[in-house]
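Asker: Here you go, sequence then predicted model.
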Amino acid sequence: MLLEPILGFLLLAALYGAVRLYARLWLREACEQPAFEAWVRSRPLVAALKCRPGREVELAREVRLTLGRGEMFNPDGGYPWQHYVVTYFCRPLGPGVVGLFARRAVVGRVHQKRPLLRELWKTLGRELGSEVTEIWLHGRLRSPGVRAIADRRKMSWFGAFDEAGALSMTAMIGHPRWLGSRAA
């Protein structure tokens, strides 16, 4: 009789521990989206930074340093972006243009902490805002809003960093001329 409450408490503690362990190791934020993962594996251009010609190699190096491992969450994108950890890399695309490409996407785990993509833009704006004259983002990187209807296969975002390093964006159809046909 005396052991029943103790066994009940031990069983409850074991159940609590098992649930926490499951959530920590195996619980994912969402179901996998094979079409999205395949699109990311195709290494699409998802952002481009315009700078003065001849500065693209230095800018790409600075962006790589800021990216670190390149694994980031993007809660500002529409579904399924906000549930994935996407790995990015960058390289010069041509005179005065640096491209940011997606390389890999893995569904995030509930307790997983990764840098946010918006923090990359803030850091780039603070540190390199004067170097970057214009920025282009793929339409899938940002959500146009809850009630907005947009074909994000055609839509993209265009903007620049202001003097304080904040990124201001405007929705646009297509791509800027300086990007040419390089956008996916």
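Answerer: All right, it came through fine.
Asker: Could you use CA atoms for every contact and neighbour count after this?
Answerer: OK.
Asker: Helix or strand with the lowest mean pLDDT in this structure?
Answerer: The helix or strand of the chain with the poorest confidence is helix 3-25; it has a mean of 75 (mean pLDDT, DSSP states H and E).
Asker: From the chain's centroid, how far away is it?
Answerer: Distance of helix 3-25 from the chain centroid (C-alpha atoms, centre = their mean, to the nearest Å) equals 37 Å.
Asker: Would you mind identifying the next helix or strand past it?
Answerer: Later in the chain than helix 3-25, the nearest helix or strand by DSSP states H and E is helix 34-41.
Asker: sorry, back to before: mind exporting the C-alpha coordinates of the least confident helix or strand of the chain to PDB?
Answerer: Once non-C-alpha atoms are left out, helix 3-25 reads as follows in PDB (Å, rounded to 0.1, in the frame of the first residue of the first chain):
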ATOM      1  CA  LEU A   3       4.500   1.600  -2.500                       C
ATOM      2  CA  GLU A   4       1.500   2.500  -4.800                       C
ATOM      3  CA  PRO A   5       1.900   6.300  -4.500                       C
ATOM      4  CA  ILE A   6       5.600   6.000  -5.000                       C
ATOM      5  CA  LEU A   7       5.200   3.800  -8.100                       C
ATOM      6  CA  GLY A   8       2.600   6.100  -9.500                       C
ATOM      7  CA  PHE A   9       4.900   9.100  -9.000                       C
ATOM      8  CA  LEU A  10       7.800   7.200 -10.700                       C
ATOM      9  CA  LEU A  11       5.600   6.100 -13.600                       C
ATOM     10  CA  LEU A  12       4.400   9.700 -14.100                       C
ATOM     11  CA  ALA A  13       8.000  11.000 -14.000                       C
ATOM     12  CA  ALA A  14       9.100   8.300 -16.500                       C
ATOM     13  CA  LEU A  15       6.200   9.200 -18.800                       C
ATOM     14  CA  TYR A  16       7.100  12.900 -18.500                       C
ATOM     15  CA  GLY A  17      10.700  12.200 -19.300                       C
ATOM     16  CA  ALA A  18       9.800  10.100 -22.300                       C
ATOM     17  CA  VAL A  19       7.600  12.800 -23.800                       C
ATOM     18  CA  ARG A  20      10.300  15.400 -23.300                       C
ATOM     19  CA  LEU A  21      12.900  13.100 -24.900                       C
ATOM     20  CA  TYR A  22      10.600  12.500 -27.800                       C
ATOM     21  CA  ALA A  23      10.000  16.200 -28.300                       C
ATOM     22  CA  ARG A  24      13.700  17.000 -28.000                       C
ATOM     23  CA  LEU A  25      15.000  14.400 -30.400                       C
END
